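J.: sequence first, predicted coordinates after that:
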Amino acid sequence: MTTVYERRTEPAVAPAVRRSPAGPVLVLLWGGAAAVVALWWADTGSVVGTAGWLTGAGRIAGLLCGYSCAVLVGLMARVPLLERRIGSDRVARWHAMAGRYTVCLLVVHIGLILAGYAAQDRASLWHETVTVVLDYPEMLKATAGTVILLAVGITSARAARRRTSYEFWYYVHLLTYAAVFLAFGHQLALGNDFNGNSAATAAWYVLYLGVAALVAWFRILAPVRLNLRHRLRVESVHREAPGVYSVVVRGRHLGELGARAGQFFRWRFFGEGMGWTSTPYSLSAPPRRDLMRITVKALGGHSAAVSLLRPGTRVWAEGPYGSLTEDRRTAPKSLLIAGGVGITPLRALFETLPGDVTLLYRARTAEDLALGGELEAIARWRGARVLYALNGPDGRRPSLSARSLRATFPDLAGHDVYICGPHAFARELYEALRTAGVPDRRIHHESFEL
Amino acid sequence: MHSLKKNRPLRRIVLASAATVSGMVLLLSLKPHSAPTVAVAVPAPSGSSSAGPATGTKTVTGDTVQTRWGPVQVRITLKSGKLTEVTAVTYPQDNPRDQEINSFALPRLRSEALQAQSADIDTVSGATYTSDGYRQSLQSALDSASS
């Protein structure tokens, strides 16, 4: 795809910093948790005896667990405010951390409630469990929901994910919707704090129905609308470097998507053997009126299949997502550091990022420099610099330490640094940049490590 | 915390657990640890008595006492001034929790009342509110029987 650039002559000015709404969103979420605890406080007259303590603690854990489940589903509803302004990767990390905590809360809730009830009824724990599960209303469904949620938690553990395929994890995780649905009934039927408290019951419905509405709209209806409107098809596939392919996608009215350089979409390709799960790939060039481009490294089954896509294949995309855009700028100068296939979003940013931009491209050999020709062309017309960090002829790796970076970029701390590449690479670079005096708020990275 | 900073999972786990446990303990300990006296006891004008034939059997229904979980009302039978039967005619049974509690509490309260021959009976542990309501309704029944 030959890109045609419009010459831009704006001066390098310091950008107006756009605050991320992460702070207010977190305040809202923690506020909700506090409100839930306040509900318990208002509803509990006294805590009497061992049974009272156990049941009381079990109720607090249960309320927080129920609230947290709603929050977890809501965080992953692909709400644009969360995905684009806070960042898909950051929201996913919140979800992962809160998810682990929620599974623990669930186990604690079950244990404490059963122990408390058993103490009160002077029954054995086993007998009490059987009574609760079989005789109490909505409890069979809640038990099923618990089993699913525990399975989701176990299969999401790092040790499990290393040993199982992405598809397996994905389909088990999808069952979370069923688990939440099954467990909802018992919360209202047996919840001490909802019995007879119509305000609390109404608020609980609002919470859950609200989250369900978010999921229905942003995960199901909006993507359907997007794909019907834009009718994406594979236009062509190009080889950029050994094992690295670009796919150009044609569509209609792509300007309406509002996709910006640095963002990504979640893609599904209706080709042979491509499967149904979606994969995120960044745009490797700013979108045109009717064309978008991604650049993919063939690492595994799915990404290798991308290189074999035939023109005309239907494409299903969801997005744009991601916050690694020019909005993150805090300084008039920017340094983009790409490692391997991490060049993808940075190539797009290199073209459109305002101000004084330098690109540092780390790869093993000159052959591995994908999109190299375009980078040179962009550097020429906008007066930017491209630097390459390749292995020496003897295979020695280039030094990207604090010292060498400071030597190459005298005013390093006055730059916004955008990093994209393998996680270990990014980590090392972060430490070097910090040592070299670049503040945290100027180091921008999108990482999907959970 | 920056996404690239090395995260310390063990530290996070310990902090989260400690905060949760201490938070729960704090909340629970700030609540009173003895059952409060029943706040609202609305004596409904439902005290009724029927005198039996010359054998001196009297059946009296006590006041309906509102407890936290619902109303409690007992009916007593007196034979020649001796308490021979106490039955709970109204008691909370909305949810299985109530039913469970009352299935063990009511028989206990009944046998204690018959033994004590008065409303001076112990609270059944785990059925605080039911016991309170029971006691009050029983007392009102005895009062109206002797008046």
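T.: Perfect, I can see it now.
J.: give me the below-cutoff pLDDT ranges for the chain.
T.: Assuming you mean chain A. By pLDDT under 70, the low-scoring segments of chain A are A:1-17, A:449-450.
J.: was after chain B, sorry
T.: Looking at chain B by pLDDT under 70, you get B:35-55, B:68, B:94-96, B:147.
J.: quick one: the strands in it, in order.
T.: Using DSSP state E, the strands of chain B run over residues B:48-51, B:57-61, B:65-67, B:70-79, B:82-90.
J.: can you list phi and psi of residue A:194 for me?
T.: In terms of degrees, to the nearest 10, the main-chain angles of residue A:194 are phi -100, psi -20.
J.: before we move on, back to that, closest one to residue A:230 among the strands of chain B?
T.: Set against residue A:230 and scored by Cβ to Cβ, these come closest in strand B:70-79, at 59.5 Å. Where you see a C-beta, it was placed from the backbone N, CA and C, and this is true even at glycine.
J.: check contacts around the residue of chain B found nearest chain A.
T.: Closest contact between chain B and chain A, by Cβ to the nearest Cβ, is at residue B:4 (3.8 Å). By Cβ atoms under 8 Å, 6 or more residues apart in numbering or on different chains, residue B:4 lies in contact with A:419, A:426-427, A:430, A:443, A:445, A:447.
J.: turn those into JSON lines, columns for secondary structure and distance to chain B.
T.: Conversion of the contacts of residue B:4 to JSON lines gives the following (DSSP: H, G, I helix; E, B strand; the rest coil; distance: Cβ to the nearest Cβ, whole Å):
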{"residue": "A:419", "secondary structure": "strand", "distance to chain B": "8"}
{"residue": "A:426", "secondary structure": "helix", "distance to chain B": "6"}
{"residue": "A:427", "secondary structure": "helix", "distance to chain B": "6"}
{"residue": "A:430", "secondary structure": "helix", "distance to chain B": "4"}
{"residue": "A:443", "secondary structure": "strand", "distance to chain B": "7"}
{"residue": "A:445", "secondary structure": "strand", "distance to chain B": "5"}
{"residue": "A:447", "secondary structure": "coil", "distance to chain B": "5"}
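J.: can you tell me the centre-most residue of chain B?
T.: Among the residues of chain B, the one closest to the centroid is residue B:130, at 1.7 Å (Cα atoms, centre = their mean).
J.: including distance to chain A, could the strands of chain B go into TSV?
T.: Shown next, in TSV, are the strands of chain B (distance: least, Cβ to the nearest Cβ, whole Å):
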stretch	distance to chain A
strand B:48-51	29
strand B:57-61	26
strand B:65-67	11
strand B:70-79	9
strand B:82-90	17
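J.: could I get those as JSON lines with distance to residue B:14 and mean neighbour count?
T.: Supplementary listing: those in JSON lines, determined by distance: least, Cβ to Cβ, whole Å; neighbours: other Cβ atoms under 10 Å in any protein chain shown:
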{"stretch": "strand B:48-51", "distance to residue B:14": "64", "mean neighbour count": "12"}
{"stretch": "strand B:57-61", "distance to residue B:14": "59", "mean neighbour count": "19"}
{"stretch": "strand B:65-67", "distance to residue B:14": "43", "mean neighbour count": "22"}
{"stretch": "strand B:70-79", "distance to residue B:14": "44", "mean neighbour count": "21"}
{"stretch": "strand B:82-90", "distance to residue B:14": "51", "mean neighbour count": "16"}
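J.: in a markdown table, list the ones you listed along with distance to residue A:29.
T.: Shown next, in a markdown table, are those (distance: least, Cβ to Cβ, whole Å):
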| stretch | distance to residue A:29 |
| --- | --- |
| strand B:48-51 | 56 |
| strand B:57-61 | 53 |
| strand B:65-67 | 37 |
| strand B:70-79 | 36 |
| strand B:82-90 | 44 |
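J.: and of these, who's closest to residue A:94?
T.: strand B:70-79 (42.4 Å).
J.: how much space between the residue lying farthest from the centre of chain A and chain B?
T.: Farthest-out residue of chain A from its mean C-alpha position, per Cα atoms, centre = their mean: residue A:122, at 47.7 Å. Going from residue A:122 to chain B by Cβ to the nearest Cβ, to the nearest Å gives 8 Å.
J.: tell me the contacts of the residue nearest to the residue nearest to the centre of chain B when sequence neighbours are not counted?
T.: Distances taken as Cβ to Cβ, 6 or more residues apart in numbering or on different chains put residue B:105 closest to residue B:130, at 5.2 Å, once the chain neighbours are dropped. Neighbour list for residue B:105: B:124, B:126-127, B:130-131 [criterion: Cβ under 8 Å, 6+ apart].
J.: try it again with 6 Å
T.: B:124, B:127, B:130 (Cβ atoms under 6 Å, 6 or more residues apart in numbering or on different chains).
J.: and which of the residues you listed is nearest to residue A:106?
T.: Of the contacts of residue B:105, the one sitting nearest to residue A:106 (Cβ to Cβ) turns out to be residue B:127, at 28.9 Å.
J.: now the closest residue to that closest one other than its chain neighbours: how far from residue B:88?
T.: Of all residues beyond its chain neighbours, the one nearest residue B:127 is residue B:105 (3.5 Å), with distances taken as Cβ to Cβ, 6+ apart. The spacing between residue B:105 and residue B:88, counted by Cβ to Cβ, to the nearest Å, is 9 Å.
J.: how about residue A:83?
T.: Computed as Cβ to Cβ, the residue A:83 to residue B:88 distance reads 59 Å.
J.: try residue B:139
T.: Distance from residue B:139 to residue B:88, counting by Cβ to Cβ: 14 Å.
J.: likewise for residue A:321?
T.: In terms of Cβ to Cβ, residue A:321 sits 62 Å off from residue B:88.
J.: residues touching residue A:384, list them.
T.: residue A:357.
J.: find the helix or strand that residue A:73 is a member of.
T.: Counting by DSSP states H and E, the element that carries residue A:73 is helix A:49-75.
J.: pull the distance from that helix to the chain's centre.
T.: With Cα atoms, centre = their mean, to the nearest Å as the basis, helix A:49-75 stands 26 Å off its chain's centre.
J.: just checking, what packs against that helix?
T.: Helix A:49-75 sits against helix A:22-43, helix A:88-121, helix A:198-215, helix B:9-29, with contacts defined as 3 or more Cβ pairs under 6 Å, 6 or more residues apart in numbering or on different chains; DSSP states H and E.
J.: alpha carbons only: can I get stretch A:407-425 in CSV?
T.: Extracted in CSV, the C-alpha atoms of stretch A:407-425 (Å, rounded to 0.1, in the frame of the first residue of the first chain):
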residue,chain,number,x,y,z
ALA,A,407,24.4,9.9,25.2
THR,A,408,22.2,9.5,22.1
PHE,A,409,19.4,11.7,23.3
PRO,A,410,20.8,14.6,25.4
ASP,A,411,17.4,15.8,26.5
LEU,A,412,16.0,12.4,27.2
ALA,A,413,13.9,13.4,30.2
GLY,A,414,12.2,16.1,28.1
HIS,A,415,10.8,13.4,25.8
ASP,A,416,7.6,11.4,25.8
VAL,A,417,8.8,7.8,25.3
TYR,A,418,6.5,5.3,23.6
ILE,A,419,7.6,1.7,23.9
CYS,A,420,6.3,-1.3,22.0
GLY,A,421,7.8,-4.7,21.8
PRO,A,422,8.2,-8.0,23.7
HIS,A,423,7.6,-7.7,27.4
ALA,A,424,11.1,-8.4,28.6
PHE,A,425,12.4,-5.8,26.2
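J.: buried residues, it. List them.
T.: A:409, A:412, A:414-421, A:425 (16 or more other Cβ atoms under 10 Å in any protein chain shown).
J.: check stretch A:331-348 too.
T.: Buried, per 16+ other Cβ under 10 Å, within stretch A:331-348: A:331-348.
J.: ok, it near chain B or not?
T.: No: shown here: stretch A:331-348 not in contact with chain B (Cβ under 6 Å from any Cβ of the partner chain), separated by at least 12.1 Å.
J.: ditto for stretch A:181-190
T.: No: Stretch A:181-190 does not reach chain B (Cβ under 6 Å from any Cβ); its nearest approach is 6.9 Å.
J.: and that stretch, which residues are buried?
T.: Residues of stretch A:181-190 classed as buried by neighbour count (16+ other Cβ under 10 Å): A:182-190.
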